[in-house]
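K.L.:
got a predicted structure plus its sequence, pasted below:
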Amino acid sequence: MDKYIINQNAQSTGEHEVHKEIICPTLPLPENRVLIGYFSSCRDATMSARSQWPNATIDGCENCIPTCHTR
């Protein structure tokens, strides 16, 4: 299982990005990271982020989890 985090700051386009912490070259600064949890897939991680942040637009990082990047 991999550790996933979300950037508490939205991108300029409005979404909060989910990252796989161990492999992402574009992680947010440590003070802007919020732990989502440990998951076996980016799909599960982004679904969890959406349930934890129901009023936010959530997207996967195109660098570390491109299969969950939708924007």
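P.N.:
Great, that's in hand. Fair warning: this is a prediction, and the values are worked out from it, not measured in the lab. Numbers count the residues shown, from 1 in each chain.

K.L.:
wait, is T46 part of a helix?
P.N.:
Yes: residue assignment for T46, taken from DSSP: H, G, I helix; E, B strand; the rest coil, places it within a helix.

K.L.:
where does the protein dip in pLDDT?
P.N.:
Within the chain, not a single segment meets pLDDT under 70.

K.L.:
secondary structure class of the one residue sitting closest to the centre of the chain, three-state.
P.N.:
Taking CA atoms, centre = their mean, the centroid of the chain lies closest to V18, which sits 0.6 Å from it. Look at V18: counting by three-state DSSP, its state is strand.

K.L.:
contacting residues for it?
P.N.:
Taking CB atoms under 8 Å, 6 or more residues apart in numbering, we find V18 in contact with 4-6, 36, 42, 45-46, 49, 58-61, 65, 68. In short, each C-beta sits where N, CA and C put it, glycine included.

K.L.:
shouldn't T46 be in contact with T57?
P.N.:
No: if you go by CB atoms under 8 Å, T46 and T57 don't touch, sitting 11.2 Å apart.

K.L.:
neighbour-wise, which of the two wins?
P.N.:
Taking neighbours as other CB atoms under 10 Å, T46 and T57 compare with T46 leading, 23 against 15.

K.L.:
so who does the more buried one touch?
P.N.:
So T46 contacts V18, I58, D59, G60, C68 (CB under 8 Å, 6+ apart).

K.L.:
just give me the neighbour total for the third one.
P.N.:
The local packing of D59 (other CB under 10 Å) involves 21 other residues.

K.L.:
what about it, distance to W53?
P.N.:
The gap separating D59 from W53 is 12 Å, by CB to CB, to the nearest Å.

K.L.:
then K20?
P.N.:
Using CB to CB, K20 is found at 17 Å from W53.

K.L.:
and the two? which has more neighbours close in?
P.N.:
K20 (20 against 16).

K.L.:
so what's W53 up against?
P.N.:
So W53 contacts I6, H16 (CB under 8 Å, 6+ apart).
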